[in-house]
Every structure is written in C-alpha cells, then in structure tokens.
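J.: show me how the following folds:
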Amino acid sequence: MNLELCLPLHRKSAWHEANWSIAHLLKRYPSETARLKTTALEISGLFEGIFPILDQLCRRTCRFCPDPCCLKATIWYDVKDMLFMHLSGTKIPDAQILSGPGDVCRYVGPKGCLLERCARPFVCTAYLCPPQLSLLRKHPIEDKKVAESIRLIKSGRTLIENAFAAITGGGGNDNVCQSWDAKGKQAHRARGMTRADL
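T.: Numbering: from 1, shown residues only. Down below sits the predicted model:
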C-alpha cells in the first residue's frame, strides 16, 4: 500500500484548500452551524479541564521516554480536528502534521510540541502511554475526570462532524447537537458540575 495515499492533506496546497472550504461553508450556513460553535466551545472547556493533568503526566514521562510517540507515530489532522479548530476559533496550524511518508511530526520541538493543546490532533490528547496510565491510575479522581472528559469530547466531535455533513450536504439535522447538549449536561450534573465548571 502506498503510504502517501493514506496521508490526507499532506501537501500544503491541499491543506489550505480544505481549510478554506470549511471556513467558506461555515460562513455560508451561519445560523445552521451556530449550535456547532457552541458545542465546540463546550469541548474546549472539557479540554481545558484536563490539560493541566495531561501536562503534568507529560512532564513526568515524555522526557524519559526511549521511543517518543511524537517521533514515531503516523498521525494527521482528521475532519473532526479541523472542524473543531474552525468552530472553536483555534488558530489553524500552517500545515498537516506530517509532510510525507516516514516523516516525523513537523511541530515537535526540543521541549515537546510547539502547538497549543487545542490545536493538536485529538489523538495527541486522547492517547496515554502505559507509563502515563500507570501514574494516572494512582489518582482516581483525576483518572475519572480524564476518562469522562475524553468520552464526552469524542461524542461531541462525532456529533459535530455528522451535523456539519448533514447541514452542508442538505437536510441538516439540528437534533444532533441538541442530543449532545443534553448528554453533556446530564453527565456534568451527575458529577456535580455546572456549565461554569466547563
């Protein structure tokens, strides 16, 4: 299999065209996508709630790792990542993560990732290596918070993608985001959280 065919938008021209298209469609359907922006901002709040925990895990593990995932993983921004960044107002990176097959992430610097956490592909936030999981398991409250937040973020991202496709493909489904709103609020109430906690 040709790996180059599996790396979506690795050419800068394709990356810029795809981002232009998303921005254009969001402007074309402002009222229909307003609820998607609200969902993206709620996802941002969930991210912000777990970033300190994840940053601490990285400080305690990544610099000692003999085989850093940032240097070996074949990852890229997917449509959900791109939609989230556009809808949440996150600065869009200049290019896709990898420029071609066999390359390492273009955003890895000497002290780790050069991107703000919200501008990284979701997999970079959601993946926890075995040493990080082991450390996190020692702190059940934080472990539960990270797991529940990741679950809600995944759900919200999928609903944004599905709603965006329905809106821009004709026959939009407003119930998609309403469904996520209800599930998110229900989960937060169960944990004693309010919207202000997001």
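
J.: please enumerate the strands of this structure.
T.: 108-109, 112-113 (DSSP state E).

J.: may I see the ones you listed arranged in a markdown table, with distance to C65 as well?
T.: Yep, even glycine has a C-beta here, placed from its N, CA and C like the rest. Putting those into a markdown table (distance: least, CB to CB, whole Å) gives the following:
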| stretch | distance to C65 |
| --- | --- |
| strand 108-109 | 13 |
| strand 112-113 | 11 |
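
J.: looking at those strands, spot the one closest to W20.
T.: In terms of CB to CB, the element of those nearest to W20 is strand 112-113, at 25.1 Å.

J.: quick check: mean pLDDT across that closest one?
T.: In this model, strand 112-113 has a mean pLDDT of 88.

J.: cool, and stretch 77-90?
T.: 96.

J.: got a list of contacts for it?
T.: 8-9, 18-19, 22-23, 26, 33, 36-37, 39-41, 43-44, 91-93, 96-97, 116, 118-119, 121-122, 157-158, 160-161, 164 (CB atoms under 8 Å, 6 or more residues apart in numbering).

J.: same thing with stretch 58-76?
T.: Outside stretch 58-76, the residues that reach it (CB under 8 Å, 6+ apart) are 3, 7-10, 96-98, 104-105, 108, 112-113, 121, 123-124, 127, 129, 131-132, 135.

J.: do that again at 6 Å, thanks
T.: The contact list for stretch 58-76 (CB atoms under 6 Å, 6 or more residues apart in numbering) reads 7-8, 96-97, 104-105, 108, 121, 123, 131-132.

J.: please identify the buried residues of that stretch?
T.: 58, 61-62, 68, 70, 73, 75-76 (16 or more other CB atoms under 10 Å).

J.: among those residues, which two are most distant?
T.: The largest separation in the buried residues of stretch 58-76, counting by CB to CB, is between T61 and W76 at 23.6 Å.

J.: skipping adjacent residues, who's closest to the most centrally placed residue in the chain in space?
T.: With distances taken as CA atoms, centre = their mean, F122 lies nearest the centre of the chain, 3.2 Å away. Nearest residue to F122, sequence neighbours excluded (CB to CB, 6 or more residues apart in numbering): D81, at 5.7 Å.

J.: what about the one you found, neighbour count?
T.: Using other CB atoms under 10 Å, D81 has 22 neighbouring residues.

J.: same question for L26.
T.: L26 has 20 nearby residues by other CB under 10 Å.

J.: any idea how far C65 is from the residue nearest to it when sequence neighbours are not counted?
T.: The shortest distance from L26 to any non-neighbouring residue, by CB to CB, 6+ apart, is to T33 (5.3 Å). Here T33 is placed at a distance of 40 Å from C65 (CB to CB, to the nearest Å).
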